[in-house]
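Visitor: any chance you can model this:
(one chain, ligands or ions: 1)
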Amino acid sequence: MKRLSLAATLIGFGLLAACSSPVPEGESALEVSDAYIVMPAGGQGIASGGMVVKVRGADEMLVGATTDAADSVEIHTMSMEDGVMRMRQVESLPVTEKEPLVLKRGGNHLMFFGFDKSLAVGDSADVVLTFSNGQGKEQMLVTTAQIIGQAD
Ligand SMILES: [Cu+2]
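Guide: Here you go, the predicted model:
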């Protein structure tokens with residue numbers, strides 16, 4: 001089992017722990033779960049992935065993602081146009097207390113370009129997510145994505 005971990009480089013960021021303590025006015029507490037990346041078929045270097053992002057407190061926006069497992073990561077939406085599913089890159093996606101951000105296959109998702117072909121189903125890779133409150137304040141969060149198969 002291979003695990004790409006960024007832990008050593010991220011000590012300075014401080015991982016947010018999920019807890020039930022009240023969130024101060026204007027602050028937000030983000031929580032990411034169930035992250036996965038679908039192993040690309042046929043040796044292609046493009047993979048899609050998903051996760052669930054919840055926030056307590058102020059609204060946030062997912063504005064970027066990086067990982068050692070791919071050259072670049074984009075935020076994509078998926079929509080039906082003229083009977084064809086189309087994806088489109090967007091700058092950000094919102095996450096609010098009322099509406100968690102659900103990224104998944106067939107819906108809004110992350111797209112990984114130049115995916116590390118030495119990874120296999122069953123491995124995992126850390127993904128660094130950047131959130132913005134829309135007023136110049138950013139926070140980063142690391143989540144571990146499981147590499148899953150096309151049929152999983
Ligand atoms: Cu996409």
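Visitor: what residues does the chain put near the ion?
Guide: By CB under 5 Å from the ion, the residues of the chain that approach the ion are H76, M87, M111. For glycine as for every other residue, the C-beta is placed from the backbone atoms N, C-alpha and C.
Visitor: look at Q44 and report its pLDDT.
Guide: According to the prediction, Q44 has pLDDT 77.
Visitor: equivalent analysis for the one 4 residues further on, please.
Guide: At S48, the pLDDT value in this model is 96.
Visitor: which pLDDT value goes with L16?
Guide: pLDDT recorded at L16 is 48.
Visitor: ok, the one 3 residues further on next?
Guide: You'll see C19 listed with a pLDDT of 54.
Visitor: related to what we said a few turns ago, export the residues of the chain next to the ion to JSON lines and tack on secondary structure and pLDDT?
Guide: Shown next, in JSON lines, are the residues of the chain next to the ion (DSSP: H, G, I helix; E, B strand; the rest coil; pLDDT from 0 to 100):
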{"residue": "H76", "secondary structure": "strand", "pLDDT": "98"}
{"residue": "M87", "secondary structure": "strand", "pLDDT": "94"}
{"residue": "M111", "secondary structure": "strand", "pLDDT": "97"}
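Visitor: kind regards, and thank you for your time.
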